[in-house]
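**Q** Provide a 3D model corresponding to the input given below.
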Amino acid sequence: MQSPTSLRSTVKVSNTKNSLFPNWRTLSAEKEQTNKTDEHEKGNDNNSSVASDNVSHFVHIAQDNDEHTIENAPWSTAAYNSALDQYDAMISCQDTFIQPFVQDALHTLDQAYRLYGPESVIGSFNGGKDAVVILELIRAAHANHFRNLILSQGIEDEDKNLNGNDSQMTTIRPTRPRVTYFNNKLEFPQIYDFVKVAVDEYDLDMIAFEENVGFVGGLKMLVEQNYLQSLPESSSTMSIATPLQQPHPMAFVLGTRESDPNAGKQGAFAPSSSYMPPFMRVNPILKWTYGHIWHFLRLYKLPYCSLYDEGYTSLGTVKDTLPCPALKKVHVEGNASEFWPAYMLKDWKQERAGRAKKEKKKKDDKSKSSKGQSKQEKVAQREADAISKCSTVASLPNNVAPPILQEMPAKSVEKNGDSDDSDVSSFSSNSTISQRTVGILIIGDEILKGMTPDTNTHAAAVALKANNVPLSRVVVVSDDQEEIVAEIKKMNEQVDVIITSGGVGPTHDDVTMKSVAIALGSEMVLNHEMAQMLKEKMNGGDQTAELTEAQIKMATLPGCSKLKYLSGVEGDWPVLQCGNIFILPGVPQFFEKKVLHVAAYLSSELERIVAFKVVLSIDEDSIVPMLNNVVQNHPHVSFGSYPFVDHPDYKTVVTLEGKRNGLQIDETCDRASFQASEIDIHVKVALSELVHSLPEGSVLRVDNNNDLTFL
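**A** Coordinates of the predicted model:
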């Protein structure tokens, strides 16, 4: 068995990109390869179009005298080796934030290549951040597929060598990854330029469609002519007259994520609908969030479109896309229209805030435009629009450091005009300060069946109101694990903090703990701190005594659990916190006592106004001088630095918090109290100076979790 490294010397690849195989070819509505290439490729007649219904659009057709030959373009040595290195780095990823997502995505693509083969796995490569991730994953999996073929060939060769039959050895030659692009006259030129550069840089086989070819039509062209070459493994060419099989099933790899408007109920593999061309949709990053996308791109130092450094977070066309308003910098002199780069977005739900909503057509217009269309055609068009929006790909230009705010003069700061109450969307997305909301989840069949009155909701509402903590949602569910998990996930999309009541005892119907663990993706483990407390309180303090079965269940908690001693009274039972969820008992007298402490705690946390949590790839020691300088320059902002010595990828988390109270000028004066907009400016200016002083590329992401206690 050969090692992966040794394969570089045995696999047959092209040392340079062959001019006979242009990277970029264009298809028109007439299904002809017009062979449009870059300026330097024009005039090349060696790959002229040959009209044939039995030839894949991705093959290259060469002419030798009067004979045509069909060839799959070989992948260059540099591109193949680079992709192998990428696969090895990704599959061995140790970054706990993205590790399971990256490995799951690669596993999905490995299966796609195993099932469909390298000639029938096609990437949609249209210029956005999600497609950059898809492209990097595709080329890595593509190279790994050929490596596995070669390894299996190596096993056969070993047997042949034993018999002295090494002359029967065959050679497998990696071919280029295949991608598609749909031209759009409203495309950002930066996106188009990037796609062109990426195709050449990675030595891809690109089929681009003219503007008059729609998504459905383009897919139909590719699917209906996906004929595989019936060639021996050692060959790469065939005569045009060689008999061909029926079209082979095709898989399209898309950048769809669950948060996309048209993701629907797709899985990692999702067959196209019956009224679409028959193909398999492959969604390797379906479970990824906005934060995962940018953490991945920044961690592996991957290129992306320059528009993302200008504040764009979701790219459509030049007519419907603007920089994300949540990334607009504070209004300081000379900086009225600058934006942070996309990876600085704190509230990931604002990803599409820069995309204009489509105007609803008037009834008359709608009836006119739909006239003559069948129901299937209308649905097909909607699905085509949905897939094309979700399948954008990213860019390779120079990453430009974001413009930096000037030092904020003490008296020249203007109130941020974007925080005007008349513009609710601007205020909510531009301010680093937001009011925390709480949801109450009451768990118990006895409440739903009317056997016990629900007094805990009233107690929680009173306690939260007294502490100025807004309660926005109350839900009652049964003692059913699936229902509890579903409701927690739903509430997490609607509120910042969840307080549960009930279902925490040792009996069979107490399933709250396990439900919380499942909802948060955490394992149930024995909590030693809780086990020790149970021994002290229930076993007379005898630490050598064995826990009972019921006590073991009570001490088995979600792995992310923290015991919060909020009452300040020694010996009191703690409150259990799991991420943003506080788990309280359902017994009213116990719940009322605990919810008072939780409400007071949440109120104090609101005062801290954590604005930004910046995840860095460099050690804390390397930022001490620059951080100290920024801290000194911004007395109205609280800073925190948290080292992660043993973490394989991110090493430091820096937090910035606004202060409500300013400096006390003298003993006769009260401390100045800042308004929310003023705190917002203080924090953003401090953040600007901090980012400017950090080494380039050291920021992995800005976390959307505002609470330091949830670290």
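**Q** Looking at the chain, which helix is longest?
**A** helix 129-163 (DSSP state H).
**Q** Which neighbouring elements make contact with the one helix or strand residue 563 maps to?
**A** Take DSSP states H and E as the rule and residue 563 turns out to sit in strand 561-564. Applying 3 or more CB pairs under 8 Å, 6 or more residues apart in numbering; DSSP states H and E, one finds that strand 561-564 contacts helix 528-538, strand 575-578. All C-beta atoms are positioned from the backbone trio N, CA, C, and that covers glycine.
**Q** could you give the mean pLDDT of stretch 457-475?
**A** Averaging pLDDT along stretch 457-475 gives 92.
**Q** With stretch 485-499 instead?
**A** For stretch 485-499, the per-residue pLDDT averages 91.
**Q** So for that stretch, what gets flagged as buried?
**A** 485, 487, 488, 491, 492, 495, 496, 497, 498, 499 (16 or more other CB atoms under 10 Å).
**Q** Residues touching the helix or strand following the longest helix of the chain, excluding its own?
**A** Moving toward the C-terminus from helix 129-163, the next helix or strand (DSSP H and E) is strand 178-182. For strand 178-182, the external contacting residues (CB atoms under 8 Å, 6 or more residues apart in numbering) are 58, 118-119, 121-126, 135, 138, 195, 199, 204-209, 213, 215, 218, 222, 388, 393.
**Q** And for stretch 183-194?
**A** 26, 126-128, 208-211, 303, 305-307, 315, 317-319, 321, 394-397.
**Q** Check stretch 100-110 too.
**A** For stretch 100-110, contacts defined as CB under 8 Å, 6+ apart pick out 87, 90-91, 93, 121, 137-138, 140-141, 144-145, 253, 268-269, 282-285, 287-288, 292, 296.
**Q** And stretch 565-580, by the same measure?
**A** Residues outside stretch 565-580 that contact it (CB under 8 Å, 6+ apart) are 492, 496-498, 504, 516-517, 520, 522, 533, 557-558, 560-564, 582-584, 594, 597-598, 600-601, 707, 709-710.
**Q** So which bits of it are buried?
**A** Those buried within stretch 565-580 under the rule 16+ other CB under 10 Å are 566, 567, 574, 575, 576, 577, 578, 579, 580.
**Q** and that stretch, average pLDDT?
**A** For stretch 565-580, mean pLDDT is 87.
**Q** Please apply the same query to stretch 505-525.
**A** For stretch 505-525, the per-residue pLDDT averages 83.
**Q** how about the CA coordinates for that stretch, as CSV?
**A** Extracted as CSV, the C-alpha positions of stretch 505-525 are listed here (Å, rounded to 0.1, in the frame of the first residue of the first chain):
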residue,chain,number,x,y,z
GLY,A,505,-36.7,15.0,38.9
PRO,A,506,-35.5,11.3,38.9
THR,A,507,-38.7,9.7,37.6
HIS,A,508,-39.3,8.3,34.2
ASP,A,509,-41.3,11.3,32.9
ASP,A,510,-38.6,13.8,33.9
VAL,A,511,-37.0,14.3,30.5
THR,A,512,-36.0,18.0,30.5
MET,A,513,-32.3,17.4,31.0
LYS,A,514,-32.0,15.0,28.1
SER,A,515,-34.2,17.2,25.9
VAL,A,516,-32.0,20.2,26.6
ALA,A,517,-28.9,18.2,25.8
ILE,A,518,-30.3,17.0,22.5
ALA,A,519,-31.5,20.5,21.5
LEU,A,520,-28.0,22.0,22.2
GLY,A,521,-26.1,19.1,20.7
SER,A,522,-24.5,18.1,24.0
GLU,A,523,-23.8,14.7,25.6
MET,A,524,-25.3,13.7,28.9
VAL,A,525,-22.4,13.1,31.4
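**Q** For that stretch, buried residues please.
**A** The neighbour-count check on stretch 505-525 (16+ other CB under 10 Å) flags 505, 510-520, 522, 524 as buried.
**Q** before we move on, back to that, filter the contacts of stretch 100-110 down to the buried ones and express that as a ChimeraX selection.
**A** Buried residues among the contacts of stretch 100-110 (16+ other CB under 10 Å), as a ChimeraX selection:
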select :87,90,91,93,121,137,138,140,141,144,145,253,268,282,283,284,285,288,292,296
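**Q** how close does residue 521 sit to residue 555?
**A** Distance, residue 521 to residue 555, by CB to CB, to the nearest Å: 21 Å.
**Q** ugh, wrong one, I meant residue 514
**A** In terms of CB to CB, residue 514 sits 14 Å off from residue 555.
**Q** Mind checking which of the contacts of stretch 183-194 land in strands?
**A** Using DSSP state E, the subset of those located in strands is 26, 208, 209.
**Q** Let's have these in a markdown table, adding neighbour count, distance to residue 149 and pLDDT.
**A** A markdown table is the format used below for these (neighbours: other CB atoms under 10 Å; distance: CB to CB, whole Å; pLDDT from 0 to 100):
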| residue | neighbour count | distance to residue 149 | pLDDT |
| --- | --- | --- | --- |
| 26 | 18 | 31 | 90 |
| 208 | 22 | 29 | 93 |
| 209 | 22 | 31 | 92 |
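**Q** Now tabulate these in CSV and tack on distance to residue 688.
**A** Listed next are these as CSV, based on distance: CB to CB, whole Å:
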residue, distance to residue 688
26, 44
208, 40
209, 42
